[in-house]
Each structure stands twice: as structure tokens, then as C-alpha cells.
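Visitor: For reference, the sequence and a predicted model appear below.
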Amino acid sequence: MKKNNYGSKKNNQKPQQRVSNFDPRPKGKEEYAKVNGGVFVYSKPVTVAELSKAINVPAPAIIKFLFLQGKLVTINQLLDDDSIGNVCLEYDYDFKKEKLVDEEHFEDIEIVDDPASLKERPPVVTVMGHVDHGKTTLIDSIRNSRIVDTEAGGISQNIGAYQKDVGGKKITFIDTPGHAAFTAMRSRGASVTDIVVLVVAADDGVMPQTLEAIDHAKAAGVPIIVAINKMDMPGANPRKVIEELMAHDVIAEEYGGDVIVTKISAKTGQGISDLLENIVLKAEMLELKANPSRYAIGTVLEAQLDKGEGPKATLLVQNGSLNAGDYVVVGETYGKVRRMTNEYRAVLKTAGPSTPVSVIGLSSVPSAGDRFMAFPEERQAKEIAEKRKEAKTIASRGGSAALSLSDLNALVNAGKIQDINIVVKADSDGTAQALKANLEKMSTDSIKVHVLSASAGAISDNDVLLASASGAFIYGFNVRPDARVRQKAEENHVEIRLHKIIYELLDEMELAMKGMVKVEKVEKILGQAEIRHIYKISKVGTIGGSYVTSGLMKAGSKVRLLRNGVVIYEGTLGSLKRFKDDAKEVKEGYECGLTIDGYNDIKEGDIVEGYEMVDKEAA
Ligand code: GDP
């Protein structure tokens with residue numbers, strides 16, 4: 001088991017000391033990338049320069065080696081793990097990536113508590129199974145069943161999870177059944193579930209999603225309890241279910257396996273209390289423990305923006321206790337736990353391990369699956385959130401993140417760039433090749449321009465992928481990306497620069513290479529509409545019966561007409577109508593009629609893109 005000092009102190013310590021007693025590993029620059037006995041050990045992405053220094057291989061040799069492998073990198077570019085590994089192997093170094101473990105990376109902390117401080121904690125249960133086998137009915141029927149009379153009453157609120165008292169022991173149920181949520185959490189590195197209850201309908205048997213659920217539970221290493229549901233149905237055949245499950249390595253206790261099987265009817269309530277007792281039994285076997293007297297660490301189950309109360313999140317405390325007034329870092333933001341309620345709207349002062357609570361006071365809406373950690377002081381939470389934000393920005397630009405023209409400008413000014421990678425798309429192959437030749441001709445002794453690909457056609461997903469993987473930006477000449485590709489580019493931090501006059505494109509590039517680019521006015525896309533019908537009206541001209549597919553259409557705005565991703569006309573939106581009336585704007589999802597000033601050759605399937613020129617800051 002990975003060991004670190006986080007919180008592994010004596011259990012009689014005051015909470016305030018716990019965090020400050022954290023003993024982070026050395027964070028010096030030389031410490032995160034160094035050679036140790038022939039092994040290159042690193043804990044953060046490194047640049048070519050840093051790798052070069054550590055393994056004592058000249059940077060140009062590394063760049064050349066990677067180039068021959070099809071990767072174009074610059075000396076100050078952060079390398080991905082594959083490239084680092086390949087370079088190390090090429091120069092006879094072994095390599096190892098170490099996880100940096102400190103408060104800033106609290107997701108990676110595996111808390112090693114003093115055994116004496118550990119207390120039993122409730123199991124967290126997710127219900128999975130095939131559609132219509134009764135997951136929702138089971139979750140609801142458990143929620144509404146009264147096993148113990150003393151159980152808290154009151155009107156429940158749906159916070160994504162709830163706790164059930166079973167003979168003095170608690171069970172935490174995650175409300176969202178099915179493996180989609182479970183897997184989404186896991187793909188984000190969060191594992192909240194201790195036990196999966198696999199619901200199989202007795203009258204239907206093992207079905208495709210039953211098998212998927214088994215795979216997901218096994219992949220996550222989470223034990224399964226089988227609930228054979230719909231036992232009230234005439235066609236119920238539990239024996240068949242048990243045998244079918246056996247074929248998939250889910251072996252019931254009665255067949256010598258370790259899987260507890262309970263026969264239930266979520267509808268009539270039959271067998272539910274047995275199921276709950278079996279969950280408690282399984283939890284005891286798993287010896288689930290946590291240390292309630294430490295600051296909380298856990299996962300966001302769900303979150304939304306509440307109109308009156310601001311960001312509202314359901315947090316599952318996984319270790320420690322969350323207290324009203326604690327400062328919590330979630331994702332890259334932090335906030336104060338202003339109010340904490342349980343599923344019965346009762347206000348809590350403290351919530352121990354495995355407790356789901358609805359929390360108000362965060363500064364933004366986190367995502368489900370985000371990890372959180374509580375801190376005693378605002379200053380500390382703020383500092384850590386800021387560091388995480390910075391790290392995220394670097395990570396999203398680092399490695400293979402693409403280069404933007406303003407980055408390029410700054411890098412040139414700092415004398416830090418040697419290669420510029422570009423993807424060129426143009427309205428014809430001849431233009432694309434001409435641009436490629438002219439751009440590459442701009443290479444100087446210190447800066448090489450590489451056009452990775454130059455072809456005709458609309459800017460596509462693939463162009464964005466190529467640019468993103470090779471730290472390039474895209475030049476589009478008389479072609480456009482559609483809204484989907486544009487979004488993909490944004491997600492991948494790929495800059496798309498669009499031009500319609502060759503010398504302007506080349507001028508811009510030349511200035512960028514001299515570090516002198518000034519981008520003042522930029523284009524802001526308003527939206528796109530698809531032409532679905534053509535109406536020719538003698539005095540008006542051609543009207544395009546259109547459907548706004550993204551953003552909006554705005555009367556009088558600049559527009560360009562795209563056919564198969566190629567710009568065939570640029571002009572101004574003539575008239576814009578909703579039914580018979582003139583409209584100032586027509587939004588996404590609505591139909592409209594439009595004309596383009598001085599242009600009549602519109603065709604069905606054409607795309608009209610509206611845009612405005614705005615100051616760069618406003619873009
Ligand atoms: P889910 O898709 O797995 O969440 O399934 P639901 O809980 O929505 O249930 C699907 C259908 O099966 C609904 O019509 C339920 O009323 C019914 N159902 C669920 N459990 C039982 C049960 O134990 N017995 C019977 N007869 N019907 C059930």
C-alpha cells in the first residue's frame with residue numbers, strides 16, 4: 001500500500017493540526033524530474049529542455065528523434081508520457097512516473113490513518129441491472145420502507161443519495177441506478193461504491209445490461225450482491241437466474257461462491273429487509289472503516305445552480321467529517337460550507353464518513369465526480385484552489401496542447417520557439433499547396449515552419465485532432481469549420497485562424513514570426529442556419545427558408561454562405577423574417593426566412609453563417 005504522511009498522526013490530535021502536519025514531498029524543480037540510478041524519475045510533465053538536461057542528451061537530438069517518430073515538438077513544449085518513455089528508452093534510461101502527492105493533488109492521496117483512529121463506516125451501495133428489472137422501484141421502496149420506527153421522518157428531498165437505518169447500522173444508497181453514472185464517476189477517478197446490488201428480474205433472467213453491470217463492478221473491484229426481483233410474478237424462475245449468473249462467474253453462496261443472493265419483490269416489499277440485512281452483513285465482511293476525526297475528503301455526487309441559494313452540491317463524505325463552516329476545495333474552486341442538510345432537510349453541524357449531504361456555499365457549481373477536500377482555513381483553501389486552477393491550465397495547454405498565434409507571438413518574443421506547426425485548409429488544393437509553400441518559405445535559421453497537412457475542404461474533426469496532437473494551429477482559407485468542429489477546437493485549445501486574402505494570411509504569419517502580431521479586431525460568430533427550402537419571389541429575389549442550427553441569425557449582420565464547408569459568398573444579411581414579420585433576431589431551434597443582399601444563388605443544404613467583428617477582448 002502506498003504510504004504517505006497525510007494524517008497518519010496520533011489520533012488525539014486536534015483537527016487544525018492535521019492538515020498543517022501534512023509533510024509534502026520536496027517540490028523543488030530539480031526534484032520533479034531527475035535521474036536516479038539510470039532511471040529518469042518525474043512527477044510532472046517535462047519539457048524537451050528539462051528532459052535534455054536530466055538525461056544529458058542535447059535537445060536537438062531529442063527533437064530530431066521525436067520528429068522521426070512523427071512528433072513535432074519545440075524545445076519548451078511539455079512532452080506526453082509516451083514521448084518521454086520513448087526518448088528514455090532510446091538513450092538507455094529506464095523511466096518512472098511518480099505521482100506527486102500533496103494537498104494540491106488530494107485526489108491522489110491515499111490516506112493512511114492510525115488504525116486506532118478508524119471506526120466502522122456505512123457501506124455505500126449502487127443499484128445496477130438491466131432496464132425494467134426494477135432498480136428504481138427498489139431504490140424507492142427501500143427509501144420509503146420503515147425498518148426501524150425511530151427513523152427520521154419528514155419530507156425527503158432528493159439529493160442523489162440517502163441513508164437507511166437497518167437495526168442501528170446505516171447503509172448509504174446512491175439514488176441514480178445503473179452503470180452510466182457509476183462509470184462516469186469511475187472515468188473521473190472517483191470510486192464511491194463499496195457494494196453493487198445487481199437487480200435481475202426473476203421472470204426475465206440475465207440480460208445484456210446485467211452483464212455490463214457485472215463487468216463494471218468487476219472492473220472496479222466492487223463486490224456484488226444479487227437481488228432477484230419480481231418474485232411476485234407468475235413466471236419467476238430464480239433458479240434459472242442463479243444458473244445464468246454462474247455462467248458469468250457470479251457464483252451464489254449455495255453453489256460454493258461468495259455472492260449473496262436475495263429473492264425480493266420491489267413492488268410488494270417481500271425480501272427487502274433480508275436484502276438490507278445482507279448488505280449490512282457484506283459490509284461487515286468488508287470491514288469498511290474510516291477516521292471520523294479528520295477533515296473531510298470525498299466526492300461530488302451531483303450539483304446544480306439553485307436560483308435562490310446559488311451553487312448547491314451533494315457531497316459524499318468518504319473519510320473524515322465535514323463540518324458546517326469548513327472551507328472546501330472542489331475541482332479548481334473553493335467555498336465555505338454555509339449550510340449542510342441531509343435528505344430530510346435536517347440541518348447538520350457535522351457529517352461523518354459515508355454521509356451524503358447537500359451543501360450550500362460553494363463559489364461555483366462543481367461536476368459530479370469531482371473530489372473535494374475540507375480545510376480549516378480560508379487562506380489555505382484559496383491557495384490550494386488557485387494552485388489547482390493553474391495546474392489545470394498548464395495541463396490543458398501542456399503536452400500536446402496546441403499553439404495559438406498569441407502564444408507564438410510571446411514565444412518568439414522570448415526567443416523560445418524553434419518550430420511552428422500549422423494545418424492548412426483551403427477552398428482548393430492549388431491554394432492549399434501554394435499556402436504551404438509560402439508558409440514554409442518563411443522558415444528562418446531559428447524558426448522552422450512545418451505545414452503538417454495542406455488540403456482542400458472544410459475544416460474537419462480530423463484537422464483539429466491533428467493540430468491538437470501536434471501543437472499546431474489551423475489556417476483556414478475561404479473555408480470554415482462548422483459549429484461542432486469549432487467546439488471541438490475550443491475544447492482542445494486549437495486555434496483556428498480564418499482568412500480570405502492570401503497576402504493578409506502571409507502578412508499575419510510573418511508578423512507573428514517576428515513577434516509583432518497585433519490582433520485587434522476579431523470575428524465573433526453569431527450562429528449558423530441551414531437553408532432547407534428555396535422560394536423565388538420575383539421582386540424580392542431568392543428567399544432561403546432556413547432553420548437556425550446554432551446561435552442566432554441577426555438582421556443586418558455580416559454573413560457568409562457555405563456550401564460543403566467552402567465559402568462561396570460573403571455579404572450582408574438582407575431581410576430576416578419569422579413567418580410574415582420582420583425579425584431582429586431568430587434563435588437556435590427556430591425557422592426563418594432570409595435573403596442575402598445582392599446574392600440569389602442560394603441552394604438547399606447551404607449554410608449561412610452570421611458574424612460580427614468585435615474587439616479581441618470582447619470575443
Ligand atoms: P428500472 O428500469 O430497472 O429502474 O425498472 P423500474 O423500477 O422502472 O421497473 C420497471 C417495471 O417493473 C415497472 O413497471 C415496475 O412497476 C415493475 N416492477 C419493478 N419491481 C417489480 C416487482 O418486484 N414486481 C413486479 N410485479 N413488478 C415490478
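Guide: Thanks, I have the structure now.
Visitor: Paired strands for the strand ranked longest in the chain, with orientation please.
Guide: Identified as the longest strand of the chain according to DSSP state E is strand 521-537. For strand 521-537, the paired strands and their directions (DSSP bridges) read strand 541-554 (antiparallel), strand 607-615 (antiparallel).
Visitor: Now that strand: buried residues?
Guide: Residues 525-531 are the ones in strand 521-537 that count as buried (16 or more other Cβ atoms under 10 Å). The way it works is simple: take the backbone N, C-alpha and C, and place the C-beta from them, glycine included.
Visitor: How far off centre is that strand?
Guide: 32 Å (Cα atoms, centre = their mean, to the nearest Å).
Visitor: hmm, back to that, just the strands paired with strand 521-537: most buried one?
Guide: strand 541-554 (a mean of 20; mean count of other Cβ atoms under 10 Å).
Visitor: Past that one, which element shows up next along the chain?
Guide: Note on strand 541-554: by DSSP states H and E, the next helix or strand toward the C-terminus is strand 558-563.
Visitor: Show me what that next one is packed up against.
Guide: strand 566-578, strand 607-615 (3 or more Cβ pairs under 8 Å, 6 or more residues apart in numbering; DSSP states H and E).
Visitor: and the host helix or strand of Leu594 with strand 607-615, angle?
Guide: According to DSSP H and E, Leu594 maps onto strand 591-596. Per axes from the mean of the first three to the mean of the last three Cα atoms, to 10 degrees, the angle that strand 591-596 makes with strand 607-615 is 70 degrees.
Visitor: and the residue in the stretch 451-600 of the chain that the ligand sits nearest to, what element?
Guide: In the stretch 451-600 of the chain, the residue that lies nearest the ligand is Gly589 (30.1 Å; Cβ to the nearest ligand atom). Assessed by DSSP H and E, Gly589 sits outside every helix and strand.
Visitor: what does Pro60 give?
Guide: Using DSSP H and E, Pro60 maps to helix 59-68.
Visitor: Kindly report the same for Asn462.
Guide: Taking DSSP H and E as the definition, one finds Asn462 inside helix 461-469.
Visitor: Contacts for that helix, please.
Guide: 400-402, 421, 423, 425, 452-453, 472-474, 481, 484-485, 488-489, 492-494 (Cβ atoms under 8 Å, 6 or more residues apart in numbering).
Visitor: Weed out the non-buried ones from those.
Guide: Judged by 16+ other Cβ under 10 Å, buried ones among these: 400-402, 421, 423, 425, 452-453, 472-474, 481, 485, 488-489, 492-494.
Visitor: Which ones among those map onto helices?
Guide: Mapping the buried ones among the contacts of helix 461-469 onto helices (DSSP state H) picks out 485, 488-489.
Visitor: ok, which stretches of the stretch 101-250 of the chain are helices?
Guide: 135-144, 179-187, 208-220, 238-246 (DSSP state H, counting those that start in this stretch).
Visitor: out of the ones you listed, which comes closest to the ligand?
Guide: helix 135-144 (3.4 Å).
Visitor: which helices and strands does the closest one pack with?
Guide: strand 124-129, strand 161-166, strand 169-174, strand 195-201, strand 224-229, helix 272-286.
Visitor: Columns distance to the ligand, mean pLDDT and mean neighbour count on top of these, output as CSV?
Guide: Listed next are the helices and strands packed on helix 135-144 as CSV, based on distance: least, Cβ to the nearest ligand atom, whole Å; pLDDT from 0 to 100; neighbours: other Cβ atoms under 10 Å:
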stretch, distance to the ligand, mean pLDDT, mean neighbour count
strand 124-129, 6, 93, 27
strand 161-166, 16, 91, 20
strand 169-174, 13, 94, 21
strand 195-201, 6, 96, 26
strand 224-229, 5, 97, 26
helix 272-286, 10, 96, 18
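Visitor: For Met340, which of those is the nearest?
Guide: strand 161-166 (13.8 Å; Cβ to Cβ).
Visitor: Which residues does the closest one contact?
Guide: 122, 124, 142-143, 147-148, 150-151, 156, 170-175, 273, 276-277, 279-280, 301, 314, 316, 342-343, 354-356.
Visitor: Pull up the pairing partners for it, direction included.
Guide: Strand 161-166 has the following sheet partners, assigned by DSSP bridges: strand 169-174 (antiparallel).
Visitor: Spatially nearest residue to Ala161 (excluding sequence neighbours)?
Guide: Closest residue to Ala161 apart from its sequence neighbours, by Cβ to Cβ, 6 or more residues apart in numbering: Pro356 at 3.6 Å.
Visitor: how near is the one you found to the ligand?
Guide: The gap separating Pro356 from the ligand is 20 Å, by Cβ to the nearest ligand atom, to the nearest Å.
Visitor: tell me the contacts of that residue?
Guide: Contacts of Pro356 (Cβ under 8 Å, 6+ apart): 159-163, 172, 301, 314-317, 342-343.
Visitor: how about 6 Å then?
Guide: Each residue near Pro356 by Cβ atoms under 6 Å, 6 or more residues apart in numbering is listed here: 161, 314, 316.
Visitor: any idea which element the second one lies in?
Guide: Under the assignment given by DSSP H and E, the secondary-structure element containing Thr314 is strand 310-319.
Visitor: Check which helices and strands that strand sits against.
Guide: Where contact means 3 or more Cβ pairs under 6 Å, 6 or more residues apart in numbering; DSSP states H and E, strand 310-319 is packed against strand 297-306, strand 356-362.
Visitor: I'd like the mean pLDDT over the shortest one, please.
Guide: Pointing back at strand 356-362 there. Strand 356-362 shows a mean pLDDT of 94.
Visitor: other SSEs contacting the helix or strand following it?
Guide: The element immediately downstream of strand 356-362 (helix or strand, assigned by DSSP H and E) is strand 371-375. Secondary-structure packing of strand 371-375 (3+ Cβ pairs under 6 Å, 6+ apart): strand 297-306, strand 327-330.
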